[in-house]
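Trainee: Kindly return the folded structure for what I paste below:
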Amino acid sequence: MMPIPAKTRYTYLLLVLALFLLAIPGAMAQNQELALAREYFSKGEYQKAEAIYSKLINDERLFSVVYPDYLKTLLAQNNHKDAEKLVKRTIKRYPGQINYNIDLGTVYQAAGDKAGAEKHFDKLIAQLKPEEVIVAASVFVQHELFDYAEKTYLRGRELSKNPYEHNRSLIALYTFRQKHENLIGEALNLLQENESELIYVQNMLQNSMQDEKVMDALEKELITRVQQYPDLLAYNELLIWLYIQRRDFYSALLQARSVDKRTRSGGTRVMELGAISARNQDYQGAIEAYEYIIKEYPDGPYYLIARQRLIHAREEQVENTFPVDLDKIRTLITDYEALLAEVGRNAQTVEVLQHMANLYAFHLDEKDKAIALLQEAIAMPRAKPDFVAESKLTLGDIYLLKGEPWESTLLYSQVEKSHKETPIGHEAKLRNARLNYYKGDFELAQAHLDILKLATSREIANDAMDLSLLITDNTGLDTSTVAMEEYAAIELLIFQNKLDEAQNRLDAMLQKFPGHSLTDEIYFLKASIYERTGAFDKAIASLEKVVSAPADILSDDALYKMAYIYEENLKDTQKAQELYNQFLVKHQGSIFVAEARKRFRNLRGDAPVVN
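Mentor: All right, here's what the predicted structure looks like:
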């Protein structure tokens, strides 16, 4: 190949540059015209915009930019004839572009020809090729023609002869449109095709879980499919997940046990459900979970921890059944001692020592025994640092129980320092904040609480926020903190189990500070003392004072607690059902809604029957 002379190359470059420079003014002028047309359109001067667009539309280079704006301009003037002509010319010009065919249907709709639009869209969908389905559906969605997007995906499914084709797209569409019945069917079909899609299905269904009827429908369909496809474990897992969303932990446990018996999977899922039940105060469910593990897997890896958690769940159940039965407390200590005799006092049983100490100190008033057990736990060789820290926190609580707050704050501060930026460290800081609150040092308490509001643990952050609001709401507008100091001191008395003295001082507060902002808190605290001592009628009377007061932050707590006492303690299920229903109507944003709904359904008799 002959080399190109340097002079020729130079001449060629000059020519290209000249052509480029000549094109710039034209391009700039067109851009200016486009900007002007858009400005006219934004101001509603459609005729001026149309005049510019009608000229620019013939420029092939600008067509894709001008066309959509030109069409909008014509439709804005109700100039449907010219809009139709524009789209038809465009279809003729670009016959393979589905979006222009859909534009034609939107023009018919804009002109009021609904029948013509429907006929056009249906014909278009019927003639689609498999490779055109996704594009057509996305264009329909852009035009908010969701029914036609759905028809397009279903047509694509017919063409592919695959009953699961476009499954995810339909799920997304049904989720957005809140077509819950269709969503349930598609979601469960997707799981039937691919069990690994479980997390995706849960995420897509999550948005629909606010509607009780949707949850009922999903539960009914899932139970049917679990029976139809017993080997498809994803259905079982989804049903367990649904029960957890509904706070129906017992039904979730029954389902998990059923799966475990079929798969003999070592009890992992049952252990998880036991822990979830315990965290959510469903102690009977937790007890049955751990009893199952102990019975079914005596040689399994969870046996020891199940033994320990079983006693702990019973402990929680006894401590939250008022008035607390001290004979049952002693039985729990005996059970813990039997466990220690079986497995030894070692690093693995430090938590057992903690629980025994708690029972001795807070229920049997044997503080010295409790302190000795905790000191043993803290000194245990090879004990996990977290267990040692928890033992120190409990020991700090017992010193506070004894009236030695300086020892308490020393222990809390040790844990704060050794476990910085961890949940245990945050818990230690919260206890220090509460200790300062008890002493009436609200400024120092708030300094701790302001940090804890940002804690990663939602529970600690919420507790910090609640205490901070209590202080702020009842000291902010009044330079005097006398009432708040007295209230905080009474809370310390309750912590120290000096309930009679606390009740008397609360009554004195009502006399001394009539109409104070703390009044509702005082009645709520009185109710909690009455509940602990078994005076349930008096508890109800105090709670009614809170519920009947003008809208207050505690009104949902009080109404829920009333319903709970009627159900669990007074055994008046009709009154409990009435109050739960009242609660669900009045307090739809409360954190107790899910639990109240579950209890209401159980009392009404429409709780599910789970095989």
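
Trainee: Show me the shaky parts of the protein.
Mentor: 1-30, 476-479, 607-611 (pLDDT under 70).

Trainee: As a check, name the ranges of all helices in the stretch 501-611 of the chain.
Mentor: 519-532, 536-548, 555-568, 573-586, 593-604 (DSSP state H, counting those that start in this stretch).

Trainee: In JSON lines: the ones you listed, plus mean neighbour count and distance to L340.
Mentor: Using the backbone N, CA and C atoms, a C-beta is placed for each residue, glycine as well. Listed next are the helices of the stretch 501-611 of the chain as JSON lines, based on neighbours: other Cβ atoms under 10 Å; distance: least, Cβ to Cβ, whole Å:
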{"stretch": "helix 519-532", "mean neighbour count": "21", "distance to L340": "29"}
{"stretch": "helix 536-548", "mean neighbour count": "19", "distance to L340": "37"}
{"stretch": "helix 555-568", "mean neighbour count": "22", "distance to L340": "33"}
{"stretch": "helix 573-586", "mean neighbour count": "17", "distance to L340": "41"}
{"stretch": "helix 593-604", "mean neighbour count": "18", "distance to L340": "35"}
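
Trainee: Out of the ones you listed, which is closest to F495?
Mentor: F495 lies closest, by Cβ to Cβ, to one member of the helices of the stretch 501-611 of the chain: helix 519-532, at 11.8 Å.

Trainee: Run through who's touching the closest one.
Mentor: Contacts with helix 519-532, where a contact means Cβ atoms under 8 Å, 6 or more residues apart in numbering, come from 322-324, 470, 474, 487, 490-491, 494, 499, 502-503, 506-507, 509-510, 513, 536, 538-540, 542-543, 545-546, 549, 552-554, 557-558, 561, 565, 569.

Trainee: picking up where we left off before, among the helices of the stretch 501-611 of the chain, which is nearest E272?
Mentor: Nearest of the helices of the stretch 501-611 of the chain (Cβ to Cβ): helix 593-604, 19.0 Å.

Trainee: and the closest one, how far from the chain's centre?
Mentor: Here helix 593-604 is found 19 Å from its chain centre; the criterion is Cα atoms, centre = their mean, to the nearest Å.

Trainee: For that helix, give me every contacting residue.
Mentor: 212, 245-248, 560, 563-564, 567, 573, 576-577, 580-581, 583-584, 587, 590, 607.

Trainee: Could you say which helix or strand holds the nearest residue to A49 once chain neighbours are set aside?
Mentor: Counting by Cβ to Cβ, 6 or more residues apart in numbering, Y40 is the residue found nearest to A49 once chain neighbours are left out, at 3.9 Å. Take DSSP states H and E as the rule and Y40 turns out to sit in helix 6-42.

Trainee: Following that helix in sequence, what is the next regular element?
Mentor: Heading C-terminal from helix 6-42 (DSSP H and E), you reach helix 46-56.

Trainee: and the residue nearest to A37 when sequence neighbours are not counted, what is it in contact with?
Mentor: Nearest non-adjacent residue to A37, counting by Cβ to Cβ, 6+ apart: I52, 4.0 Å away. Counting by Cβ under 8 Å, 6+ apart, I52 touches E33, L34, L36, A37, Y40.

Trainee: What distance do you get for I52 to Y70?
Mentor: Separation of I52 from Y70 (Cβ to Cβ, to the nearest Å) stands at 9 Å.

Trainee: Where do the helices of the stretch 101-250 of the chain begin and end?
Mentor: 114-126, 133-142, 146-160, 167-177, 180-193, 198-206, 212-228, 233-245, 249-263.

Trainee: quick one on the thing from earlier: closest one of the contacts of I52 to T106?
Mentor: Among these, and counting by Cβ to Cβ, the member closest to T106 is A37, at 21.0 Å.

Trainee: doesn't D69 make contact with that closest one?
Mentor: Yes - contact criterion Cβ atoms under 8 Å: A37 and D69 qualify, at 6.9 Å.

Trainee: Looking at these two, which one has more neighbours?
Mentor: For A37 versus D69, neighbours defined as other Cβ atoms under 10 Å are more numerous around A37 (24 against 18).

Trainee: Same list (the contacts of I52) but as CSV, adding distance to K417.
Mentor: As requested, the contacts of I52 are exported to CSV (distance: Cβ to Cβ, whole Å):
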residue, distance to K417
E33, 71
L34, 66
L36, 69
A37, 69
Y40, 69
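
Trainee: Out of these, flag the one nearest to A372.
Mentor: L34 (85.8 Å).

Trainee: Make sure that closest one is actually in contact with R61.
Mentor: No - using Cβ under 8 Å, L34 makes no contact with R61, being 11.7 Å away.

Trainee: Among those two, which residue is more densely surrounded?
Mentor: L34 (17 against 10).

Trainee: separation between the more buried one and Y94?
Mentor: 21 Å.

Trainee: ok, now N436?
Mentor: 74 Å.

Trainee: between these two, which one's more packed in?
Mentor: Set side by side, N436 and Y94 show more neighbours around N436, with 21 against 13, by other Cβ under 10 Å.

Trainee: That one: which element?
Mentor: Going by DSSP H and E, N436 is part of helix 423-438.

Trainee: And the contacts of that helix?
Mentor: By Cβ under 8 Å, 6+ apart, the list of residues contacting helix 423-438 reads 386, 389-390, 393, 396-397, 400, 405, 408-409, 412-413, 415-416, 418-419, 442, 444-445, 448-449, 451-452, 455-457, 460, 463-464, 467, 471, 488-489, 491-492, 495.

Trainee: Out of those, which sit inside helices?
Mentor: 386, 389-390, 393, 396-397, 400, 405, 408-409, 412-413, 415-416, 418, 442, 444-445, 448-449, 451-452, 460, 463-464, 467, 471, 488-489, 491-492, 495 (DSSP state H).

Trainee: Buried ones from the residues you listed, can you make that a PyMOL selection?
Mentor: Selecting only the buried entries of the ones in helices among the contacts of helix 423-438 in PyMOL, with 16 or more other Cβ atoms under 10 Å as the criterion:
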select buried, resi 389+390+393+396+397+400+405+408+409+412+413+415+416+442+445+448+449+452+460+463+464+467+471+488+491+492
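
Trainee: Could you dump the helices of the stretch 101-250 of the chain into TSV and include distance to Y523 and mean neighbour count?
Mentor: Output for the helices of the stretch 101-250 of the chain, formatted as TSV (distance: least, Cβ to Cβ, whole Å; neighbours: other Cβ atoms under 10 Å):
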stretch	distance to Y523	mean neighbour count
helix 114-126	62	16
helix 133-142	55	20
helix 146-160	52	19
helix 167-177	45	19
helix 180-193	42	19
helix 198-206	38	16
helix 212-228	32	16
helix 233-245	34	21
helix 249-263	31	20
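
Trainee: any chance of these in CSV, with distance to N346 too?
Mentor: As requested, the helices of the stretch 101-250 of the chain are exported to CSV (distance: least, Cβ to Cβ, whole Å):
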stretch, distance to N346
helix 114-126, 71
helix 133-142, 62
helix 146-160, 61
helix 167-177, 52
helix 180-193, 45
helix 198-206, 39
helix 212-228, 43
helix 233-245, 34
helix 249-263, 30
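
Trainee: Looking at the helices of the stretch 501-611 of the chain, which is nearest to R155?
Mentor: Closest among the helices of the stretch 501-611 of the chain, once you apply Cβ to Cβ, is helix 593-604, at 40.2 Å.

Trainee: how far out from the middle of the chain is stretch 133-144?
Mentor: For stretch 133-144, the distance to the chain centre is 32 Å (Cα atoms, centre = their mean).

Trainee: send the alpha carbons of it over as CSV?
Mentor: The C-alpha coordinates for stretch 133-144 follow below in CSV (Å, rounded to 0.1, in the frame of the first residue of the first chain):
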residue,chain,number,x,y,z
VAL,A,133,-43.1,-8.9,25.2
ILE,A,134,-40.8,-7.3,27.8
VAL,A,135,-40.4,-4.0,25.8
ALA,A,136,-44.2,-3.8,25.2
ALA,A,137,-45.0,-4.4,28.9
SER,A,138,-42.4,-1.8,30.0
VAL,A,139,-43.9,0.8,27.6
PHE,A,140,-47.4,0.1,29.0
VAL,A,141,-46.1,0.6,32.5
GLN,A,142,-44.5,3.9,31.5
HIS,A,143,-48.0,5.0,30.2
GLU,A,144,-49.5,3.7,33.5
